[in-house]
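A.B. asks: Sequence below, structure please.
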Amino acid sequence: ENMGDRDFRFEKIREKISKPISPLEFGFLEDLPEYFTRMNAVKRTVESEGIDETPLLMDTKFASIAGMCFDEVAEKLNSYIVIDIGNGHTTAATIEDGKIQGVFEHHTSSLTGESLERYLKRLAEGTITNEEVYNDHGHGAHVLNPISKLEKVIVSGPKRELIEKTNLDWHHAAPGGDVMMTGTIGLVKTILG
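C.D. replies: Predicted structure coming up:
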């Protein structure tokens, strides 16, 4: 079956989130599947440098998602959305009881404040469909459960200002007091388990 990159990546995310899981479960040590070609290239580079330790490898979006959950505002919430608005891609996840309940991924350049707000509300309600996102040239959506209420949107990423064009209740994530540390803190928390 000939799958484009956006289909393949999202298919693997969907497989991983077959039930609600902690964002920390997106890290790989010895168990890195061969189909993650870029992460495997990083692993080979580490080995070729003569480093004996097995590196923790993690998709950058999920490292960011994990890190946002440790923001001091996020830590007080139970039902919320974390969103990384990157230069190329935007990835959002609904979190309830510390677990991912749904995920959505799109191209940042295709989103407006209005469409982003609509997608995030539908993600929280559990009504978003993979088809609507895919047909809008996004990667897709995968929802296990709606969240009981959308307490806040925790946002990160270089294009995070897009959230300010919505009417959602948002907070710029700064785990460890620094917006630039989101992914790093996600990695550290993943290593610590």
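
A.B. asks: Point out where this protein drops to low pLDDT.
C.D. replies: Along the chain, segments meeting pLDDT under 70 span 1-6.

A.B. asks: can you give me the helices in it?
C.D. replies: 5-16, 37-48, 60-68, 113-125, 130-135, 182-192 (DSSP state H).

A.B. asks: any idea which of those is most buried?
C.D. replies: Neighbour counts (mean count of other Cβ atoms under 10 Å) averaged over each of the helices of the chain peak at helix 60-68, with a mean of 26. C-betas here are computed from N, CA, C, even on glycine.

A.B. asks: Can you tell me what sits against that helix?
C.D. replies: 23-24, 26-27, 58, 74, 82, 84, 86, 89, 91, 93, 100, 105, 154-157, 173, 175, 181-187, 189-190 (Cβ atoms under 8 Å, 6 or more residues apart in numbering).

A.B. asks: How much space separates Thr112 from Ala92?
C.D. replies: Note on Thr112: its distance to Ala92, by Cβ to Cβ, to the nearest Å, is 15 Å.

A.B. asks: Of these two, which one has the most company?
C.D. replies: Taking other Cβ atoms under 10 Å, Thr112 and Ala92 do not tie; Ala92 has more neighbours (26 against 11).

A.B. asks: quick one on the thing from earlier: present the helices of the chain as JSON lines; the columns should include distance to Leu144.
C.D. replies: Putting the helices of the chain into JSON lines (distance: least, Cβ to Cβ, whole Å) gives the following:
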{"stretch": "helix 5-16", "distance to Leu144": "10"}
{"stretch": "helix 37-48", "distance to Leu144": "25"}
{"stretch": "helix 60-68", "distance to Leu144": "15"}
{"stretch": "helix 113-125", "distance to Leu144": "11"}
{"stretch": "helix 130-135", "distance to Leu144": "13"}
{"stretch": "helix 182-192", "distance to Leu144": "21"}
